[in-house]
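A.B. asks: Need the 3D shape of this:
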Amino acid sequence: MLDDNTVFTSISTFSGGGIGDLGIEWGQQLPVLSTCELLPDRAALIRHNFPDTRVFVGDIWSLKDDIIHNAQAKLQGKHPWLFVMSPPCQGMSSNGAGRISRSIKEGKRSKEDVRNRLILPGLDIVEELLPDWLIIENVPRMENTIIRNEHDEPENILDLVGRRLIPKGYILRATVIDFAKLGVPHQRKRLITIGTRLPEFQYKLFQFPIYSKDPTILHPPYSHLAERNPSPISLREAIGHLPMLDSQSLLVDPADPLHCIPKWNDMHYRAMKHTPEGQTALHNNTCTHCQTINQNTDALCRECGEPLPKPLVVDTLWTCTDCGTQNKMRHKSCSCGFERTEDCPISTTHRVVKGFKTSYKRMKWDNIAGTITTNSGVISSDIKGHPEQHRVLSIRELLILSSIQSHPNTTHDWDGKYQFFMKPIDESKPSQPCTNKLIREIIGESIPPLAMSKIVAHLISLDNRFTTAKNDSA
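C.D. replies: Next comes the predicted model:
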């Protein structure tokens, strides 16, 4: 059992909609004492799904003292077993410390994303509450991110965490984990920093370096590897059983409102209809009219002049009869000063939409699904096309791939327990359902609960107080 100074509970910050906390509270039966979330709609989701959890809403800079005081009161001065921090990743960059340092010394602040510094109030909370275990989750490039620390000096984030917490008795290790290797049905690489102040780890691990290329003793061992069984879960294994949908003729499964997709326009539909599995519509170079093979930059067939089945932009232009310049229709005068008249020739041009090689691209059935993002409903975003059906992935498919819901070959302790309903602060008012757009955003920005459950389960196994209690009861 735990010692008299620790309570088996968790505190979550930067909590999103609380999806990662599913793996903590329902996956490992570790109660979430409090959460903190800036956005009211995300906080309302937590309020609906975790009715016994204190939900702090707003800026963590102004709320950190309230979080500390709430924990101290609820825990009667004892320490929480776990503290989880997932600060926003959009602002992470790898700007050099030298450039930032020069800007500060010269009185010029280089452009700085304020979200990068949100780890600072999180560390303030850790220093006050001294949890036995700490998890910091963020994007891989956090390893190289330089921020302005509490002394207004540039510092690498991991160095900052070590400087602040090692004197408090913590051992820290950080490594990049691909959650697909933990059984999550999509690729999602994150830097997972784990800290503990249990004294036995002071003897098992050196203080430095904090970052490790490979997982350490503090990180869960991989369960799904390509060279052994089970291997990472393919898209076919995860969602291949679901009914067919179509982005123009069948947007929702009549038997499942969450198996739904957005509608495509005619251009997107035609382009993706002719896109093979694993390929991008930007490379649809074969003319559907005369079968001539064209180049990637061609919008029209070089042989017959028909539009190619690609994402195209169609521009209507008028030609200045004075200087011959072509102008867009919204411009009533030419750059030479000529005013458009009814005699000016009108023409139509086609050009290929600008995009990366992963834009307008289909996934592959027998590969691992790519990273789920907040733009999962947008086909022009990174690899969002269904392998064979003319659509993006449905919300139901995203729930499975994110491990909020299990796939046919597994089960989760939290299956069916999370609802996309938002509970208002006024308890007398009923919860309201989320929009489909918000659901996609929440899934895309959240840590998969299966990954969080396995990380926490590993920490429990490392904590010899649990092991001793089990042995004593055997």
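A.B. asks: in the one helix or strand H69 maps to, what's buried?
C.D. replies: Assigned by DSSP states H and E, H69 belongs to helix 60-74. The neighbour-count check on helix 60-74 (16 or more other CB atoms under 10 Å) flags I60, L63, K64, I67, I68, N70, A71 as buried. For the C-beta atoms, the positions are set from N, CA and C on the backbone; glycine is no exception.
A.B. asks: Just confirm the last one contacts T35, I think it does.
C.D. replies: No: taking contacts as CB atoms under 8 Å, A71 lies outside contact range of T35: 11.9 Å.
A.B. asks: what residues are shared contacts of these two?
C.D. replies: I11 (CB atoms under 8 Å, 6 or more residues apart in numbering).
A.B. asks: where are the low-confidence patches of the stretch 101-250 of the chain?
C.D. replies: The stretch 101-250 of the chain contains residues with pLDDT under 70 at 101-113.
A.B. asks: run the last query once more with 80
C.D. replies: Along the stretch 101-250 of the chain, segments meeting pLDDT under 80 span 101-116, 203, 206-208.
A.B. asks: G27: neighbouring residues, count only.
C.D. replies: Using other CB atoms under 10 Å, G27 is surrounded by 22 other residues.
A.B. asks: where's it, which helix or strand?
C.D. replies: helix 19-28.
A.B. asks: Tell me which other helices or strands the very next helix or strand once past that helix touches.
C.D. replies: Downstream of helix 19-28, the first helix or strand assigned by DSSP H and E is strand 32-37. Counting contacts by 3 or more CB pairs under 8 Å, 6 or more residues apart in numbering; DSSP states H and E, strand 32-37 packs against strand 6-13, helix 19-28, helix 40-49, strand 54-57, helix 60-74.
A.B. asks: can you tell me the distance between the two ends of stretch 223-243?
C.D. replies: Terminal residues of stretch 223-243 lie 29 Å apart, using CA to CA, to the nearest Å.
A.B. asks: Need the residues that contact it.
C.D. replies: Residues from elsewhere that reach stretch 223-243 (CB under 8 Å, 6+ apart): 180-185, 253, 255-256, 259, 363-369, 387, 393-394, 396-397, 400-401, 407-409, 454.
A.B. asks: change it to 6 Å
C.D. replies: If you take CB atoms under 6 Å, 6 or more residues apart in numbering as the criterion, stretch 223-243 is touched by 180-183, 185, 253, 363, 365-366, 368-369, 397, 400-401, 407-408.
A.B. asks: same deal with stretch 320-327?
C.D. replies: Taking CB under 6 Å, 6+ apart as the rule, stretch 320-327 contacts L317, W318, T319, C334, C336, F338, C344.
A.B. asks: What score does the third one have for pLDDT?
C.D. replies: Among the per-residue scores, T319 holds a pLDDT of 94.
A.B. asks: for the one 10 residues further on, same thing?
C.D. replies: Turning to M329, the model gives it a pLDDT of 89.
A.B. asks: what pairs with the residue lying closest to it once chain neighbours are set aside across the strands?
C.D. replies: Spatial nearest neighbour of M329, chain neighbours left out: T316 (5.1 Å); criterion: CB to CB, 6 or more residues apart in numbering. Note on T316: beta-bridge partners by DSSP bridges are T348.
A.B. asks: same thing with L191?
C.D. replies: Bridge pairing for L191 (DSSP bridges) gives the partners N138, V176.
A.B. asks: Touching, it and I136? I think so.
C.D. replies: No: under the criterion of CB atoms under 6 Å, L191 makes no contact with I136, lying 8.0 Å away.
A.B. asks: tell me, how many neighbours does the nearest residue to E137 once chain neighbours are set aside end up with?
C.D. replies: Leaving aside its sequence neighbours, E137 sits nearest to S86 (CB to CB, 6+ apart; 4.5 Å). As a burial measure, S86 scores 21 neighbours (other CB under 10 Å).
A.B. asks: change the start of the numbering to 20 and stick with it
C.D. replies: Understood, numbering begins at 20; the last thing we discussed is S105.
A.B. asks: I'd say S105 and S31 touch.
C.D. replies: No: the pair S105 and S31 fails to qualify as a contact (CB under 6 Å) at a distance of 8.1 Å.
A.B. asks: picking that back up, next secondary structure element downstream of the helix holding H88?
C.D. replies: Taking DSSP H and E, what comes next after helix 79-93 is strand 98-104.
A.B. asks: would you put the C-alpha positions of that following strand in CSV?
C.D. replies: Below are the C-alpha coordinates for strand 98-104, written out as CSV (Å, rounded to 0.1, in the frame of the first residue of the first chain):
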residue,chain,number,x,y,z
HIS,A,98,1.0,14.4,-2.1
PRO,A,99,-0.9,13.2,-5.2
TRP,A,100,0.4,10.0,-6.7
LEU,A,101,0.5,11.4,-10.3
PHE,A,102,0.6,14.8,-12.0
VAL,A,103,0.0,14.9,-15.8
MET,A,104,0.9,17.9,-18.0
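A.B. asks: Note down every partner strand of that strand and its orientation.
C.D. replies: Under the criterion DSSP bridges, strand 98-104 sits next to strand 25-32 (parallel), strand 152-157 (parallel) in its sheet.
A.B. asks: Need these in JSON lines (columns: distance to L101 and mean neighbour count).
C.D. replies: JSON lines is the format used below for these (distance: least, CB to CB, whole Å; neighbours: other CB atoms under 10 Å):
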{"stretch": "strand 25-32", "distance to L101": "4", "mean neighbour count": "23"}
{"stretch": "strand 152-157", "distance to L101": "5", "mean neighbour count": "24"}
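A.B. asks: Tabulate the ones you listed in JSON lines, adding columns for distance to V372.
C.D. replies: Shown next, in JSON lines, are those (distance: least, CB to CB, whole Å):
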{"stretch": "strand 25-32", "distance to V372": "40"}
{"stretch": "strand 152-157", "distance to V372": "32"}
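A.B. asks: Any idea which of those strands gets closest to P70?
C.D. replies: When the strands paired with strand 98-104 are compared by CB to CB, strand 25-32 sits nearest P70, at 15.2 Å.
A.B. asks: gap between the closest residue to K456 other than its chain neighbours and Y288?
C.D. replies: Nearest residue to K456, sequence neighbours excluded (CB to CB, 6+ apart): G396, at 7.1 Å. Noted for G396: a distance of 15 Å to Y288, by CB to CB, to the nearest Å.
A.B. asks: ok, the two, which is more surrounded?
C.D. replies: Of the pair G396 and Y288, G396 is the one with more neighbours under other CB under 10 Å, namely 23 against 17.
A.B. asks: Is that one in contact with I458, as I believe?
C.D. replies: No: using CB under 6 Å, G396 is not in contact with I458, being 9.7 Å away.
A.B. asks: So which residues of the stretch 370-493 of the chain form helices?
C.D. replies: Counting by DSSP state H, counting those that start in this stretch, the stretch 370-493 of the chain has helices at residues 414-420, 455-464, 468-481, 483-492.
A.B. asks: Just the buried residues of the first one, please?
C.D. replies: In this case it means helix 414-420. Buried residues in helix 414-420, counted by 16+ other CB under 10 Å: I414, R415, E416, L417, L418, I419, L420.
A.B. asks: Need the contact partners of it.
C.D. replies: 204-205, 257-258, 275, 277-279, 388, 391, 395, 424, 426, 458, 462.
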